[in-house]
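Student: I'll drop the sequence and a predicted model, then ask my questions.
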Amino acid sequence: MASHFIAEHYMFIKGHETYSYYGPMNAFTFNLGYHMEHHDFPNIPGCNLPKLKEIAKEYYDPLPSHSSWPKVIWDFITDPAIGPYCRMKRRSNRARDNGSCDDDPDKDM
């Protein structure tokens, strides 16, 4: 079941950093696979996420998604373009905002 984390947060397609999963395991995981829908509307209960996708299918249908968590694991292991370092990386401003970042480019030397 940990394949859902890989399916949701690794870049299988450049420029797409998160994905939904529309497969049969959603029936056993309380619709855990409706990841994009959950991020767009975090206050909607998981049992209603399939309804949300149906209502907004013109938005969600064109987005890349997964249909098999085992295939996600297989691709993660066997595809050299996908792996542990294939995640969206953002520079954190938290340290700079707290005034504790030594490599702040705006800091006077």
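Tutor: Yep, that arrived.
Student: only C-alpha atoms for contact and neighbour calcs from this point on.
Tutor: OK.
Student: Which residues does the helix or strand containing Trp74 contact?
Tutor: According to DSSP states H and E, Trp74 maps onto helix 69-78. Contacts of helix 69-78 with the rest of the structure, by C-alpha atoms under 8 Å, 6 or more residues apart in numbering, involve 1, 3-4, 6-7, 21, 66, 82-83.
Student: so what's the spatially most central residue of the chain scoring on pLDDT?
Tutor: For the chain, the residue nearest the mean C-alpha position is Thr18 (2.7 Å; C-alpha atoms, centre = their mean). What the model reports as pLDDT for Thr18 is 86.
Student: Need the three-state assignment for it.
Tutor: Under DSSP: H, G, I helix; E, B strand; the rest coil, Thr18 falls in the coil class.
Student: That one: what's it in contact with?
Tutor: Counted by C-alpha under 8 Å, 6+ apart, Thr18 has contacts 7-11, 35-36.
Student: repeat that with 7 Å
Tutor: 8-10, 36 (C-alpha atoms under 7 Å, 6 or more residues apart in numbering).
Student: one step back: got the buried residues for the helix holding Trp74?
Tutor: Residues of helix 69-78 classed as buried: 69, 72-73, 76 (neighbour count, 16 or more other C-alpha atoms under 10 Å).
Student: Adding distance to Ile44 and pLDDT, write those out as JSON lines.
Tutor: Shown next, in JSON lines, are the buried residues of helix 69-78 (distance: C-alpha to C-alpha, whole Å; pLDDT from 0 to 100):
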{"residue": "Trp69", "distance to Ile44": "23", "pLDDT": "91"}
{"residue": "Val72", "distance to Ile44": "26", "pLDDT": "91"}
{"residue": "Ile73", "distance to Ile44": "28", "pLDDT": "91"}
{"residue": "Phe76", "distance to Ile44": "30", "pLDDT": "90"}
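Student: Using JSON lines, lay out those together with distance to Thr29.
Tutor: Below are these laid out as JSON lines (distance: C-alpha to C-alpha, whole Å):
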{"residue": "Trp69", "distance to Thr29": "12"}
{"residue": "Val72", "distance to Thr29": "17"}
{"residue": "Ile73", "distance to Thr29": "17"}
{"residue": "Phe76", "distance to Thr29": "21"}
